[in-house]
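model the following, please.
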Amino acid sequence: MRGTFASALPHRAVVAFCVAAVTVLPANAKGLETASQDEIVAGARSCVASVGPAGLDQTRLVADGWSKGSIASKDGKPIDTSIILYGKGHLMLMSMQPQPGKPQLCTLLARIESVRAFAGIQTAFASTYGAPFKDDGKGDQFFQAPDHRFINLASTGSNDRPSVRVAVGYLCQESK
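From the prediction side, this is the model:
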């Protein structure tokens, strides 16, 4: 239901939660090829469908065509980490292993063709999820997705290597 968590929590609390949650994640998409606007929106839909009260549903990601990744050292040896990685097309998806009492985010990273392409992505997100409930005017917007989910769309990278970060999280409704 649209409006459910936003009406249960003050917007400032939701925004503070979102900002705190996504600032610890990498801000750019080095090494990725350029993703299309449609690919980014579809990736965000995967995150929205895969994150919920039980955390990140990795089975659902695999069913949606995502491939599990891993981290290796320069010599090719696997590195044990709490980071969960998936890839699909020109997108990278990251999350952390679930921790009791902490929300689990689904974070999508993608390179974009140009800084100007970001405006089209913002428009596509607004078309899909409605107007953002928070917009800093500098490339950081917060959207409300169905069923207690929020989306933070951020312009990242540099003018030479522009990218986007889409963080999707689940907020449970406060009970009184």
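
quick one: low-confidence ranges for this protein?
Judged against pLDDT under 70, the low-scoring parts of the chain cover residues 1-31, 172-176.

would you map the helices across it?
4-8, 11-22, 37-50, 58-63, 117-129 (DSSP state H).

look up the closest residue to Leu93, ignoring the ones flanking it.
Spatially, and ignoring its direct neighbours in sequence, Leu93 is nearest to Tyr86 (4.2 Å; CB to CB, 6 or more residues apart in numbering). Any C-beta I mention is one placed from the backbone N, CA and C, and that applies to glycine too.

wait, doesn't the one you found sit right on Lys68?
Yes - in this structure, Tyr86 is within contact of Lys68 by CB atoms under 8 Å, at 5.8 Å.

what do the two both touch?
Between them, Tyr86 and Lys68 share these contacting residues under CB atoms under 8 Å, 6 or more residues apart in numbering: Gln58.

more crowded one of those two?
With neighbours defined as other CB atoms under 10 Å, Tyr86 and Lys68 compare such that Tyr86 has more, 24 against 12.

how close does that one sit to Gly157?
20 Å (CB to CB, to the nearest Å).

could you do Phe142 as well?
20 Å.

who are the contact partners of the residue nearest to Leu93?
Neighbouring residues of Tyr86 by CB under 8 Å, 6+ apart: 58, 61, 66-69, 92-94.

so which of the residues you listed is surrounded by the most neighbours?
For these, the largest neighbour count, defined by other CB under 10 Å, is 26 neighbours, found at Leu93.

what bridges to it?
When bridges are called by DSSP bridges, Leu93 pairs up with Tyr86, Leu108.
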